[in-house]
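Colleague: I'd like to go over a predicted model; first the sequence, then the structure.
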There are 2 protein chains.
Amino acid sequence: MQHNIKLTISYDGTRYHGWQSQKQIENTIQNRLETMLTRYIGEEISLSASGRTDAGVHALAQVANFHTSQDVDLEQLRNAFYEYLPQDIVVTDICEVDSRFHARLSAVSKRYRYRIWNSPQLDVFQRNYVWQLPDLLDVSAMRQAAEYLTGTHDFLSFCSLKRMKKSSVRTVTDIAITERKIPYGKELLLDFTGNGFLYNMVRILTGTLVEVGQGKRLPGEMPDILKARKRQAAGMTAPPMGLMLMEVHYKMPDTP
Amino acid sequence: MQHNIKLTISYDGTRYHGWQSQKQIENTIQNRLETMLTRYIGEEISLSASGRTDAGVHALAQVANFHTSQDVDLEQLRNAFYEYLPQDIVVTDICEVDSRFHARLSAVSKRYRYRIWNSPQLDVFQRNYVWQLPDLLDVSAMRQAAEYLTGTHDFLSFCSLKRMKKSSVRTVTDIAITERKIPYGKELLLDFTGNGFLYNMVRILTGTLVEVGQGKRLPGEMPDILKARKRQAAGMTAPPMGLMLMEVHYKMPDTP
C-alpha cells in the first residue's frame, strides 16, 4: 500500500545552500533529509516542499511530503530523525495524510516573517536571524507603504527571476509590522501572509519597505512600482538571514 | 597619563575555548580581544575580566578592564571593535573608569543564568543556548532544594578543582527558578546571584538541582552534600551551552 507522509520541519538555514537540492550542491536541507530518508526506509525518497527557501533563510515550520510503499513506523521515524539529522534540522511533526495531499499544491497560504534589528547595538545571539539596521526607521511610513502592497497585484517588480513563464499575480492578504523594544532601539517584525510568493519577493518587499522607512522612497510610490513590472523599479533585496518561513496553511484535512 | 578602560562584552561562546587565554590555545575570547586591542592601540594590552567562562559558555555582559598610556578615543575604539572583532563577540559598552577599578576585584556580585529546555521538542534556534531535557522536571522539588543551597556555605562539593588553596566559602544570595511555556513543555530559567562562584559551581549546582527534579535526589539531601565537601557528593556537571553570565555588579562608581 502506498503511504503519503507529511513532515513539518524546523531549520536554521545559516550553513545551508537553501532548501532545494540542486546539481552539484549537496549541502541543502532537502538533500540532507532525502539522503537520510532513503537510507532509513531503503527506497529512493523524494520530498515535495511547500516552496523553496534561499541560502541562509530559516524555517520555523516548513512542510514537505513524500510517498513510500513501505510501512513506516512514525514513532521510530521520529527517533531516527533525532538521531541521524544534523542539529540544525529538526522534524517537529510527522503524520500520514491523504494520498492527494501535496505540500506545495495543497497549500492555501503561507506566512513569512522578516526580522529587522533596528538598533546600533547588535545582539550576538541574534546575528544569524536578523537584519541589523542601526538608524531608526520611520515605521509609520513603512506601514502606509505596506497598505499599498497588500491585496491582489502583479508583483513582477518584486521578483528576481528575469523571466516568468506563468502569472506573477499574487494575493498578499496581510503585511503586519510589529515593534518590540530592544536596547537602544526596536525590533521590527514584518509578517507577510499570502497565497504565494515569487522568487525573492518577501526580501524585495522588505528591502523596499526599509527604503521607505529610511525616507528614500514615499509610501505613495508603491502603486507605480507595482505598475512598472520591472525589478529595477523596486528597492533592494533584503539579506537572507532575517527571513523565516513561519507557517503553511492547508485547507484539506491532514488525516487519510 | 595612564587610563583605565572598562569594557562590557557580549559573546556567543559556542566556538571558543572559553574566556581565558591559555598556553597553546589561541581560540579564546580574551585572546581575540587582546590581539585586536594590542594592534589597534599599538602597545601590549592585557585584559582583566570579572571571571572566566568555560568553553561553550556565553556572556550577555562580561566585564573586563585594561590599562593604557595612550589617549584612546572611545568612540573610534567602539567602531574598531565593530570592524575588527568576529561577529560573535560584541563590545556593548566602553568607558574610562577610576584607576583603582579592577573587573574581578571590584566586583560585588554576579548573576549567571542557566537555561533548561524541558520539552521533548528541541528548538533548532536555541540548540546552542539551552540544555534540552525531554522529561518533565519536578520544579517545586528543585525550588525546595535551591532554598537549602542559598546562603553562605562552603561550596567545595560544587567545585571541579581537586584542590582549593583558598577558601571555598561563598554567598549565594538568590537562586530563582522561572518557568516559561514552550511547545510540549516549559523552559526553566535558573538565575544564580552570588558574591563569587567556584570553578564549575553553577553547572554543578544546576546538575544537582536537575537530579532533584528527576527524583534521583531529595531536596533534604542538600545539607549533607554541602557538609561532605567532596565533588562526588554532588550531582553531575550540567553541559556548558545552557550557561550565560548575565551581569556583574560593582559598588564603585564607574567614572574616573
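Modeller: Now that the structure is in, tell me what you want to look at.
Colleague: any residue of the longest strand seen in chain A touching chain B?
Modeller: Looking only at chain A and at elements set by DSSP state E, the strand with the highest residue count is strand A:169-182. No. For a cut-off given as C-beta under 8 Å from any C-beta of the partner chain, strand A:169-182 has no contacts with chain B; the smallest distance is 12.1 Å. From N, CA and C alone the C-beta is placed, and that goes for glycine too.
Colleague: can you check stretch A:234-242 too?
Modeller: No. Using C-beta under 8 Å from any C-beta as the criterion, no contacts between stretch A:234-242 and chain B are found, and the smallest distance is 10.9 Å.
Colleague: stretch A:24-41 near chain B at all?
Modeller: No. Figure legend: stretch A:24-41 not in contact with chain B (C-beta under 8 Å from any C-beta); closest approach 11.0 Å.
Colleague: just give the nearest non-adjacent residue to residue A:18, would you?
Modeller: Nearest non-adjacent residue to residue A:18, counting by C-beta to C-beta, 6 or more residues apart in numbering or on different chains: residue A:55, 4.5 Å away.
Colleague: contacting residues around the one you found?
Modeller: A:13, A:16, A:17, A:18, A:240 (C-beta atoms under 8 Å, 6 or more residues apart in numbering or on different chains).
Colleague: export the residues you listed to JSON lines and append columns for pLDDT.
Modeller: Supplementary listing: those in JSON lines, determined by pLDDT from 0 to 100:
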{"residue": "A:13", "pLDDT": "97"}
{"residue": "A:16", "pLDDT": "96"}
{"residue": "A:17", "pLDDT": "95"}
{"residue": "A:18", "pLDDT": "95"}
{"residue": "A:240", "pLDDT": "97"}
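Colleague: top of these by number of neighbours, please.
Modeller: For the contacts of residue A:55, neighbours were counted by other C-beta atoms under 10 Å in any protein chain shown; the highest total belongs to residue A:13, with 28 neighbours.
Colleague: list the residues that contact that one.
Modeller: Residues touching residue A:13, when contacts are defined by C-beta under 8 Å, 6+ apart, comprise A:29, A:53, A:54, A:55, A:56, A:57, A:58, A:59, A:240, A:241.
Colleague: how about 6 Å then?
Modeller: Residues near residue A:13 by C-beta atoms under 6 Å, 6 or more residues apart in numbering or on different chains: A:56, A:57, A:58.
Colleague: those residues: which ones sit near chain B?
Modeller: Among those, no residue lies close to chain B (C-beta under 6 Å from any C-beta of the partner chain).
Colleague: and which of the residues you listed is nearest chain B?
Modeller: Of all these, chain B sits closest to residue A:58, with 7.5 Å by C-beta to the nearest C-beta.
Colleague: what parts of the stretch 51-200 of chain A come near chain B?
Modeller: In this structure, the stretch 51-200 of chain A approaches chain B at residues A:87, A:88, A:90, A:92, A:121, A:122, A:124, A:127, judged by C-beta under 6 Å from any C-beta.
Colleague: how does it look with 10 Å?
Modeller: Residues of the stretch 51-200 of chain A lying close to chain B (C-beta under 10 Å from any C-beta of the partner chain) are A:58-60, A:78, A:82, A:86-93, A:120-129, A:134, A:183-184.
Colleague: are any of the residues you listed buried, and which?
Modeller: By the neighbour-count criterion of 16 or more other C-beta atoms under 10 Å in any protein chain shown, those include these buried positions: A:58-60, A:88-92, A:121-129.
Colleague: could you measure whatever residue of the stretch 101-250 of chain A ends up closest to chain B against residue B:15, distance?
Modeller: The minimum distance from the stretch 101-250 of chain A to chain B, using C-beta to the nearest C-beta, falls at residue A:124 (4.8 Å). Relative to residue B:15, residue A:124 is positioned 12 Å away (C-beta to C-beta, to the nearest Å).
Colleague: got any residues that touch both of those two?
Modeller: B:86, B:88 (C-beta atoms under 10 Å, 6 or more residues apart in numbering or on different chains).
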